[in-house]
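**Q** Sharing a model prediction with you, sequence too.
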Amino acid sequence: KKPMDRLQRKRVVAQSMETTYLYDFHHLFVKVLQERWRKYSQSRLLGGFRRHKIPLRLLDVVELDLDESSGELMEVTRPPGGNTMGMAAWRYTLYTPEYPSGREMIVIANDITFMSGSFGPREDALFLAASKLARRDGIPRIFLATNSGARIGVAEEVRRCFKVDWIDEKDPSKGFRGLCLDAHDAEVLSKNSVILASDGKHDAQGRPYVDTIVGTEEGLGVENLMGSGMIAGETSLAYDETFTLTYVTARSVGIGAYLVRLGQRVIQKETAAPIILTGHAALNKVLGREVYVTNEQLGGVKVMYPNGVTHTVVKDDLEGVGEILDWLSYVPRRRGAKLPMLESMDPITRPIAFLPSSSPYDPRAMLAGAHDDSASTSGASAEQSSRGLPASKAPFLSGFFDRGSFHETLGAWART
């Protein structure tokens, strides 16, 4: 049996987290664009217009990375999975029915297969630079969120050597006086990994106390939290200056959850994609009892959708990409540009056929229209027929808006 290569292993890891590997989202965008063009071309034909020719290219992708010497954003050409950090960014050019000549956007994605998608200094720097580029060019910024928050690491060289000076070795619950090192380890590690107590304090055996752990590896400690604050501020600026949208395709934790909320517009996958500040196990420890069983209880769609944090919920990543493109179909190509427009398949002079009834009905039908009189049935969908006929076979009663142009967000918020 042929062993899996590096890319296949990464895909398996992503699938185990119930998400799509970040480089494979390109294929999902192409697949959704193909279907949209097919439906658009078909609707034009049925509406009496000439069928629109589908572009040969539906998506151009240019990967962006940081130049290690200058720290500036640059275009790179490398195979999928060639990223060297837990994040990647691209400039997408989408050829959509609204913009057949192309529209650009910046896509930023966590790599769940690299240190669980955690945010370190390099990831923060790439996120910042890519977001600034979206703001500078006035183009949409899309964030594919799947992460475990800020990276808090362990200096392995210290972990292997440190000793604990317990107050009572037989009862660790009483606490400890400090961490200490043997004389030899202290001499070696004090050169670059630790800072010993400046006042020369030591334990009863003469072992010096450790005052600060630095570590030889970069990006282990509080510098990550500084970067988290930096990208949180950048996301707030991006929301003010351009179009921001986040698709939560797997868990998004800590700073990842803050970025989701600060970007305001949120699409969340139905399963295995909680938006949380910390995990349920940690909360149970603080509470001293088993209150929460899963992270879904803290930040799943049953919490975030009714609370108004999540705007729309999708079943899988293909539907999530479709929702991204749905939203973009209402957004100008660039900041300040004209709104995207398509020829209406509805006659301009058509009457509004739907009429409210005295019995309960779905108010969406007044806006979007409905098949037959289905909306006058309490709890019925505007796309169902009260006579039990398939929607496609029942007469369509038009509403205020052009058919197919109504798109609802925050559907579960503030329901009575």
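**A** Thanks, I have the structure now. Residues are numbered from 1 along each chain as shown.
**Q** out of everything not next to it in sequence, what's closest to residue 249?
**A** Once flanking residues are discounted, residue 249 sits nearest to residue 19: 4.7 Å by C-beta to C-beta, 6 or more residues apart in numbering. Yep, even glycine has a C-beta here, placed from its N, CA and C like the rest.
**Q** And what about that neighbour, helix, strand or coil?
**A** Secondary structure, DSSP: H, G, I helix; E, B strand; the rest coil: residue 19 is coil.
**Q** Quick one: neighbours of it, just the number.
**A** 28 (other C-beta atoms under 10 Å).
**Q** Pretty sure it sits against residue 248.
**A** No. Residue 19 is beyond contact range of residue 248, at 9.7 Å (criterion: C-beta atoms under 8 Å).
**Q** Now for these two: what residues contact both?
**A** Common neighbours of residue 19 and residue 248, counting by C-beta atoms under 8 Å, 6 or more residues apart in numbering, are 146, 269, 273.
**Q** How many residues are close by the first one?
**A** Burial measure for residue 146: 29 neighbouring residues, criterion other C-beta under 10 Å.
**Q** Ok, the second one next?
**A** One way to gauge burial is a neighbour count; for residue 269, by other C-beta under 10 Å, it gives 24.
**Q** Tell me the bridge partners for it.
**A** Taking DSSP bridges as the rule, residue 269 bridges to residue 314.
**Q** cool, residue 65 as well?
**A** Applying DSSP bridges, one finds that residue 65 bridges with residue 74.
**Q** again with residue 163
**A** Applying DSSP bridges, one finds that residue 163 bridges with residue 180.
**Q** out of the shared contacts of residue 19 and residue 248, which one sits closest to residue 254?
**A** Taking C-beta to C-beta as the measure, residue 146 is the one of the shared contacts of residue 19 and residue 248 closest to residue 254, at 13.1 Å.
**Q** sorry, back to before: give the contact list for the residue nearest to residue 249.
**A** Taking C-beta under 8 Å, 6+ apart, we find residue 19 in contact with 112, 146, 249-250, 269, 272-273, 317.
**Q** what would these look like in JSON lines with distance to residue 410, secondary structure and pLDDT?
**A** JSON lines is the format used below for these (distance: C-beta to C-beta, whole Å; DSSP: H, G, I helix; E, B strand; the rest coil; pLDDT from 0 to 100):
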{"residue": "112", "distance to residue 410": "28", "secondary structure": "coil", "pLDDT": "96"}
{"residue": "146", "distance to residue 410": "23", "secondary structure": "coil", "pLDDT": "97"}
{"residue": "249", "distance to residue 410": "20", "secondary structure": "coil", "pLDDT": "98"}
{"residue": "250", "distance to residue 410": "22", "secondary structure": "coil", "pLDDT": "97"}
{"residue": "269", "distance to residue 410": "17", "secondary structure": "strand", "pLDDT": "98"}
{"residue": "272", "distance to residue 410": "22", "secondary structure": "coil", "pLDDT": "95"}
{"residue": "273", "distance to residue 410": "18", "secondary structure": "coil", "pLDDT": "97"}
{"residue": "317", "distance to residue 410": "22", "secondary structure": "helix", "pLDDT": "98"}
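**Q** Can I get those in TSV including distance to residue 55?
**A** Formatted as TSV, the contacts of residue 19 follow (distance: C-beta to C-beta, whole Å):
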residue	distance to residue 55
112	32
146	30
249	27
250	32
269	29
272	34
273	32
317	23
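**Q** Emit the PyMOL select command for whichever of the residues you listed are buried.
**A** Per 16 or more other C-beta atoms under 10 Å, the buried members of the contacts of residue 19 correspond to this PyMOL selection:
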select buried, resi 112+146+249+250+269+272+273+317
